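Colleague: from the sequence below, what's the structure:
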Amino acid sequence: MATETELREWRYGQTQAERLCAALLHIEGFDGVDPQAPLGGPDGTKDILCNRSGKRWVSAVHFPPTHPSFADVRSKFVSDFEGVARNGASAFAFFVNQPLSLAQPQDLSGLTGGIETEIYHLERIRGILDSPKGYGARLEFLRIPMTPEEQLALWSALNYDLIRKLLDNETRFARLEEKLDLVLARTTALSVDLLRERSSLEQVGEGALEIETPIARLSLATLCWIHRLLTEDSPAPEAVRGRLRSVQVWIGPPNAPTLVLPPPEEVVPRTRELLEWWKAGYAGVVGGSKDEVALVLAEFHHRFLSLHPFLDANGRVARVLLNEGARELLNMRVSRDLIADPGAYIAALQAADAGDLNPLVRMISASLE
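Modeller: Numbering: from 1, shown residues only. So this is what the prediction gives:
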C-alpha cells in the first residue's frame, strides 16, 4: 500500500520520475536505456530512448501530482506517441502513475495503429517495485525499505537465479525433480558418485554430519528456495513463487470449508516454530529405528501440510522434505507408493487432523525403501 500511495501521490518531480522509469525499463529487460533530458529541458517528445527485441523504443513518463481523468491521460498518451515517428522508433512505452481499468490500456493501445506498445500503469509499476527484482529501485526512488519477509524473498530469488544457472548446465536431466535430487545430493555426499552413492550416517563423524545433513537444519530461507525451485515450470505467478502466502486459504468450498488453515499473519511465526520443532525432532532420532524416524517424519509432514505455508505446491514441497529426511536419517527413500492411492493418503491426513497419526505413520513406513 505504501508503494501505491507514493506513486500515485508523486511529489518528486519529473526528473526523478524519468529516472525511476529508466530503472524500471532496465528491470523489464530493455537495453541501451537513455534518458533524454535527465536534468530538465526539452527532450524532443521522447523522455527515454531504449531497445528491446531488435526494436527502437520511445518511452514517455506521465507522473502528475494530482489525479487526472482518463481523458487527460489519453490526451497525454496521444501527444507523447508522436515521438515515435519523430525519432524513427518502432515501439512505444508509456508510464503513468495512475490506476487504469482493465479496458483502458486496450483503449490506449488501440490508438497506436498496430505499433507495439507497453503501458505501465499504477498497478503494474507497483507490482514490479514490490517484487524482489524491484526492491532496489523502490528504496532508491521511493525511500521504502524492505521488510524482513522481503529481505528473505530477495535472498531466495538471488540464490535461485544462481542455482538455476548451474542446473541449466545439467542437460542430462529433463525433469525438475531429478535436477533437485542432484542439488540435494551435492549437499549430502563427499567424493562419491553423486548418481549412485548415498551418504551414510554410520560412516561419518560429527563434523561431516553438519555438512551432509542440510534438512537437519532446515531454515525458512531454504524452505522458500525449495518452493521456488519446485515451481519453476508451474503457471504460478512469479510473485508467489518462493514466498510464504499472504492470503487466507481453506480446504473445500468457501461457504462450507472442511478445513480453515491458519491466517496469513500467523504463517511466518508458525512456520519458524515448526522448523524449530523439526530440528529438535530430527536430532532426537538420529541413529534411531525405522519406526522412530517414521513417527517424526509423519508428524512433520502432517504439520507442514496443516500449516499450508505457500499458496500452492505445498504437497510437492512436503514430499521433497519427507524424502530427503528419510535419505539422511535412514539411507532410504520414500517411494511413490505413498501417494499411489490418493484416497488412502488423504484419509490418513484427515485421521491425523483428528489426532490419530498412526495411519500416516504406517503409510510412510510402508513406502520407505
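Colleague: can you pull the pLDDT of residue 346?
Modeller: On the pLDDT scale, residue 346 is placed at 89.
Colleague: got it, and residue 166?
Modeller: Note for residue 166: predicted pLDDT of 46.
Colleague: could I get the buried residue list for stretch 2-9?
Modeller: Taking 16 or more other CB atoms under 10 Å as the neighbour-count basis, stretch 2-9 is seen to contain the buried residues 3-4, 6-8. In this view, the C-beta of every residue, glycine as well, is placed from N, C-alpha and C.
Colleague: you'd agree residue 119 is in a helix?
Modeller: No - with DSSP: H, G, I helix; E, B strand; the rest coil as the criterion, residue 119 is located in strand rather than a helix.
Colleague: report the beta-bridge partner residues of it.
Modeller: Note on residue 119: beta-bridge partners by DSSP bridges are residue 94.
Colleague: tell me the contacts of it?
Modeller: With contact set as CB atoms under 8 Å, 6 or more residues apart in numbering, residue 119 has these partners: 93-94, 96, 100, 105, 108-109.
Colleague: can you give me the strands in this protein?
Modeller: Remark: strands of the chain, listed N- to C-terminal, are 31-35, 48-52, 55-62, 91-96, 116-120, 250-251, 259-260; assignment by DSSP state E.
Colleague: deepest of the ones you listed, which one?
Modeller: The highest average neighbour count among those, using mean count of other CB atoms under 10 Å, belongs to strand 91-96 at a mean of 24.
Colleague: ok now it, how far from the chain's centre?
Modeller: Distance, stretch centre to chain centre, for strand 91-96: 27 Å (CA atoms, centre = their mean, to the nearest Å).
Colleague: CA-only coordinates of that strand in CSV, if you can.
Modeller: Taking only C-alpha atoms (Å, rounded to 0.1, in the frame of the first residue of the first chain), the coordinates of strand 91-96 have been written out as CSV:
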residue,chain,number,x,y,z
ALA,A,91,7.6,0.8,-30.5
PHE,A,92,6.2,2.9,-27.6
ALA,A,93,6.3,2.5,-23.8
PHE,A,94,4.1,4.8,-21.7
PHE,A,95,4.4,5.2,-17.9
VAL,A,96,1.6,6.7,-15.9
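Colleague: so it versus strand 116-120, what angle?
Modeller: Computed with axes from the mean of the first three to the mean of the last three CA atoms, to 10 degrees, the direction of strand 91-96 lies at 20 degrees from that of strand 116-120.
Colleague: residues making contact with strand 91-96?
Modeller: Under the criterion CB under 8 Å, 6+ apart, residues 17, 21, 24-25, 30, 48, 50, 52, 55-63, 73, 76-77, 80-81, 83-84, 108, 112, 115-122, 125 lie in contact with strand 91-96.
Colleague: how about 6 Å then?
Modeller: Taking contacts as CB atoms under 6 Å, 6 or more residues apart in numbering, the residues outside strand 91-96 that touch it are 21, 55, 57-62, 73, 77, 81, 84, 115-121.
Colleague: next: stretch 27-37.
Modeller: Under the criterion CB under 6 Å, 6+ apart, residues 18, 22, 25-26, 43, 46, 48-52, 133-134 lie in contact with stretch 27-37.
Colleague: do that again at 8 Å, thanks
Modeller: Stretch 27-37 is touched from outside by 18-19, 22, 25-26, 43-44, 46-52, 57, 93, 118, 128, 133-134, 137, with contacts defined as CB under 8 Å, 6+ apart.
Colleague: quick check: closest non-adjacent residue to residue 146.
Modeller: The spatial neighbour of residue 146 that comes closest, neighbours along the chain excluded (CB to CB, 6 or more residues apart in numbering), is residue 135 at 5.3 Å.
Colleague: burial count for the one you found?
Modeller: By the other CB atoms under 10 Å criterion, the neighbourhood of residue 135 contains 20 residues.
Colleague: gap between it and residue 141?
Modeller: In this structure, residue 135 and residue 141 are separated by 11 Å, where distance is defined by CB to CB, to the nearest Å.
Colleague: and what of residue 6?
Modeller: Distance check for residue 6 against residue 141: by CB to CB, it reads 9 Å.
Colleague: related to what we said a few turns ago, could I get the contacts of residue 119 as JSON lines with distance to residue 218 and pLDDT?
Modeller: Output for these, formatted as JSON lines (distance: CB to CB, whole Å; pLDDT from 0 to 100):
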{"residue": "93", "distance to residue 218": "43", "pLDDT": "95"}
{"residue": "94", "distance to residue 218": "46", "pLDDT": "95"}
{"residue": "96", "distance to residue 218": "44", "pLDDT": "96"}
{"residue": "100", "distance to residue 218": "43", "pLDDT": "93"}
{"residue": "105", "distance to residue 218": "43", "pLDDT": "93"}
{"residue": "108", "distance to residue 218": "48", "pLDDT": "94"}
{"residue": "109", "distance to residue 218": "47", "pLDDT": "93"}
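Colleague: from those residues, pick the one nearest residue 266.
Modeller: Each of those was scored against residue 266 by CB to CB, and residue 100 proved nearest at 34.9 Å.
Colleague: residue 9 and residue 63 touch, don't they?
Modeller: No - under the criterion of CB atoms under 8 Å, residue 9 is not in contact with residue 63, lying 10.4 Å apart.
Colleague: residues contacting the closest residue to residue 72 other than its chain neighbours?
Modeller: With sequence-adjacent residues excluded and distances taken as CB to CB, 6+ apart, residue 72 is closest to residue 64, at 7.9 Å. Under the criterion of CB under 8 Å, 6+ apart, the contact partners of residue 64 comprise 10, 72, 97-98.
Colleague: report the two of these separated the most.
Modeller: Of all pairs drawn from those, the one with the longest distance (CB to CB) is 10 and 72, at 14.7 Å.
Colleague: those two - which one has more neighbours?
Modeller: Higher neighbour count among residue 10 and residue 72: residue 10, with 18 against 14, using other CB under 10 Å.
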